[in-house]
Structures are given as C-alpha cells and as structure tokens.
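In: Quick one, structure for this:
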Amino acid sequence: VVILVTVTMTMSSPTETAISVSNIADGGQNETTTADEIPSWFMEKYGSWGERLNVAEWENCDNYRSKNGWKGQDLVHGKNAPVRILEYRVKYGSGEGTNGLKCGGVGTTLLGVALFTKNAESHKGYCHGGSMCSVIDDLIGWCAFLVTGECRPWTGFTVQVNTSLKRPIEVGSYLIVRAKIVKVERRKVH
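Out: Residues are numbered from 1 along each chain as shown. This is a model prediction of the structure:
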C-alpha cells in the first residue's frame, strides 16, 4: 500500500493557523499536565470532534506489545516515548473512492494531539527532527488504516517519507496534528 496523505501540524494557540510544522507558542495554554493527560484546551475544543480512536495496544502499550510478540517499545504511543500521541479522533468520509463502502475513503480525517517531551530534545531546548518525522509517519499510517471506514491496524506500511521541516519545535510543546484522505486510487491512499 502506498500512502500519500496531506498532513498539517497546527499551532495550538487561540489563534490557530495551519502551517507545515510549527512550534507551539504558549498563547495562554500554559498548564501543568502529566505525560498521560490530554490538555484541557484540546478536550474543550476537540473533545466532541469525531470519534475517539481506541486501539488495544495503546491502552497498556508496553505490556500489550510484549505479550503479542513485539520486541521493543512503541516509538510514539509508549508511556516513555520521546514524543507521544496522546489521542487520535477520526471523522470518516462518505465512502468515495472505496468501491461501495458506506464510509471512509476521501474526506476521512484524523486529528490528534502530540506531546514532545524532554526526551525528544536534540539542540538546546528544541526537539530532534526525527521526532517530528515519527509523528508524521504515525499520523499518515493511522489515517490510511482508516480508509475502509473502520480501523484496520497494520494493513500497510510506510515506504518513503520526504519532509521539509520549516521551524523547530520546543521541548514540552503540544501539537495538534491532522491528516485527511484526499484521493484513493486502488491501493494508493493520497
């Protein structure tokens, strides 16, 4: 499966603007949370947006993975991951491009919140570019797993990722991430 999905990472200030990648200005969103907590501002704005994506392996990630044959930790969902996707929410499209399915396909949108912890630091106070690319890869993959109108994990894999990182992300930042399916061609998801 070839996956080409339009991805936007967005500033989480009250005056959000869609850009390729941006650091999150404090913008009044300075609150204390633990690595497992979803920021209240995210829940206030997006808590009723779409449906929460529930994946068994994320609930007790490290334990689930070891019991089911994985050898290591999840790069962006594990409790101690340097960058963590705290939640994904999905709105399914109308089924366009999916050969008669009732939903999914074009218009399917995945939205989430990512936390870049101090373990993602590379340069003083800023996150490693690889941590940003890991989030993009995860977002694109999970969006493609939703193309059929239901969540079907591990039905594809990433072959190539080309990125142009525009600005650094500060350690401790939360990013709102979005991917939307804009076209489906046989096994290719754009």
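
In: What backbone torsions are found at the spatially most central residue of the chain?
Out: The centroid of the chain falls nearest to L139 when counting by CA atoms, centre = their mean (3.7 Å). Main-chain torsions, L139, degrees, to the nearest 10: phi -60, psi -50.

In: I figured it hits K180, correct?
Out: No - at 10.5 Å, L139 does not count as touching K180 under the criterion of CB atoms under 8 Å. Bear in mind the C-beta positions are built from the backbone N, C-alpha and C, glycine included.

In: What distance do you get for the residue of the chain most remote from its centre to G149?
Out: Within the chain, G100 marks the point farthest from the mean C-alpha position, 27.2 Å out by CA atoms, centre = their mean. As judged by CB to CB, to the nearest Å, G100 and G149 stand 11 Å apart.

In: Now do the helices for the chain: every range, in order, please.
Out: With DSSP state H, the ranges of helices along the chain come out as 40-46, 56-59, 61-67, 129-145.

In: Just send the ones you listed back as JSON lines, with mean pLDDT and distance to K91 too.
Out: JSON lines is the format used below for these (pLDDT from 0 to 100; distance: least, CB to CB, whole Å):
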{"stretch": "helix 40-46", "mean pLDDT": "89", "distance to K91": "11"}
{"stretch": "helix 56-59", "mean pLDDT": "78", "distance to K91": "19"}
{"stretch": "helix 61-67", "mean pLDDT": "80", "distance to K91": "25"}
{"stretch": "helix 129-145", "mean pLDDT": "90", "distance to K91": "11"}
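
In: can you list those helices in JSON lines and add distance to L115?
Out: Output for the helices of the chain, formatted as JSON lines (distance: least, CB to CB, whole Å):
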{"stretch": "helix 40-46", "distance to L115": "10"}
{"stretch": "helix 56-59", "distance to L115": "14"}
{"stretch": "helix 61-67", "distance to L115": "14"}
{"stretch": "helix 129-145", "distance to L115": "10"}
